[in-house]
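> I need the structure of the sequence given here:
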Amino acid sequence: MSKKSLPLTLYQTLEHHARDSDIEDNEELKDIMEKLEALNQKVEAFKQRAREKRIEKSSNVIPLKPKK
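Reported below is the predicted structural model:
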């Protein structure tokens, strides 16, 4: 089960409020949204590396390495 990261949750919440016109959709909001998106990408990359390391450390799983 994959959980949403905090940056993604914040991004979606801000997007919802902007769509409902609860907050003004301006340059400041766009800047915040871009930063949240970039942060979410970093979080997802970190989570992927953690998953890969967990698999590597697992004694009952043989990691598959791509052929070169």
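
> who's in contact with Asn26?
By Cβ atoms under 8 Å, 6 or more residues apart in numbering, no residues touch Asn26. Quick note: C-beta positions are derived from backbone N, CA and C, even for glycine.

> Let's see that with 10 Å instead.
By Cβ atoms under 10 Å, 6 or more residues apart in numbering, the contact list for Asn26 reads Ala18.

> Tell me how far stretch 8-15 lies from the chain's centre.
11 Å (Cα atoms, centre = their mean, to the nearest Å).

> what mean pLDDT does that stretch have?
Averaged across stretch 8-15, the pLDDT comes to 94.

> Show me which residues of it are buried.
Within stretch 8-15, the residues scored as buried using 16 or more other Cβ atoms under 10 Å are 8, 10-11, 14.

> can you check stretch 31-45 too?
For stretch 31-45, burial by neighbour count (16+ other Cβ under 10 Å) applies to 33, 36, 39-40.

> Give me the most central residue, this protein.
The chain has Asn40 as the residue nearest its centroid, 3.3 Å off, counting by Cα atoms, centre = their mean.

> and that one, helix, strand or coil?
Three-state assignment for Asn40 (DSSP: H, G, I helix; E, B strand; the rest coil): helix.

> Excluding chain neighbours, what is closest to it?
Residue nearest to Asn40 in three dimensions, not counting chain neighbours: Pro7, with 4.0 Å by Cβ to Cβ, 6 or more residues apart in numbering.

> Now do the one you found against Glu56, distance only.
Going from Pro7 to Glu56 by Cβ to Cβ, to the nearest Å gives 26 Å.

> where are the low-confidence patches of the chain?
Low-confidence segments of the chain (pLDDT under 70): 1-2, 59-64, 66-68.

> in this protein, which spans are helices?
6-19, 27-57 (DSSP state H).

> mind putting those in JSON lines, distance to Lys65 included?
Output for these, formatted as JSON lines (distance: least, Cβ to Cβ, whole Å):
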{"stretch": "helix 6-19", "distance to Lys65": "30"}
{"stretch": "helix 27-57", "distance to Lys65": "11"}
